[in-house]
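Peer 1: next comes the sequence, and after it the predicted model I'd like to discuss.
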Amino acid sequence: MTDTSRYPTDWLTIPDLVELLDESLGRVRRLIDENYLVGSRRDGVFKIPAVFLADGRPLPALRGTIIVLHDAGFDPDETIDWLLTPEETIGMAPIEALLAGRKSEVRRVAATLA
C-alpha cells in the first residue's frame with residue numbers, strides 16, 4: 001500500500017503532544033496507555049497521527065475504536081494503518097468517518113475484523 005492512498009496526516013512526537021495538548025509528559029503517556037491515542041515508531045521515532053486530535057484533544061470517538069481493534073488482535077501499527085486507509089465497506093478512511101461522527105458504523109466494521 002502506498003502512502004498516497006492513505007488519509008493525509010502530519011505526525012506528532014511525544015514532545016509535540018505535550019506542547020499541543022498543554023499536558024505533562026506523564027499525562028500524555030497515560031492517554032496513550034489508556035487507548036485515547038495510539039502511536040507507533042515511524043522513522044525510528046514514536047509518533048501519533050495529528051488527525052487523531054480534534055480541537056486540541058484526542059478525538060472522542062477514537063478510544064472505543066482503538067479498543068475494538070486491539071480486541072480484534074490489531075497491534076498499534078495495524079490499528080493506525082486501518083484507521084488511515086480507505087475502507088471499502090465504509091466508503092472512506094475510518095478516521096474520516098469518525099471525524100464525520102459515524103463511530104457506530106466504524107466500530108461495527110472494526111468488530112468484524114477479529
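Peer 2: Looks like it arrived, so ask away.

Peer 1: would you agree Leu53 is in contact with Glu23?
Peer 2: No: Leu53 is beyond contact range of Glu23, at 11.7 Å (criterion: Cβ atoms under 8 Å). Every residue, glycine included, has its C-beta placed from N, CA and C.

Peer 1: and the worst-scoring helix or strand of the chain on mean pLDDT, what does it pack onto?
Peer 2: Every helix and strand of the chain was ranked by mean pLDDT, DSSP states H and E. The lowest is strand 40-42, at a mean of 92. Strand 40-42 sits against strand 45-49, helix 76-84, with contacts defined as 3 or more Cβ pairs under 8 Å, 6 or more residues apart in numbering; DSSP states H and E.

Peer 1: so for that strand, what gets flagged as buried?
Peer 2: Ser40 (16 or more other Cβ atoms under 10 Å).

Peer 1: then stretch 95-111?
Peer 2: Ile95, Glu96, Ala97, Leu98, Leu99, Arg102, Lys103, Glu105, Val106, Arg107, Val109, Ala110.

Peer 1: the fifth one touches Val51, doesn't it?
Peer 2: What it means is Leu99. Yes: the pair Leu99 / Val51 is scored as a contact, 7.4 Å apart, by Cβ under 8 Å.

Peer 1: on that earlier part again, among Leu53 and Glu23, which residue is more densely surrounded?
Peer 2: Regarding Leu53 and Glu23, a neighbour count based on other Cβ atoms under 10 Å identifies Leu53 as having more, with 18 against 15.

Peer 1: tell me the bridge partners for that one.
Peer 2: Pro58 (DSSP bridges).
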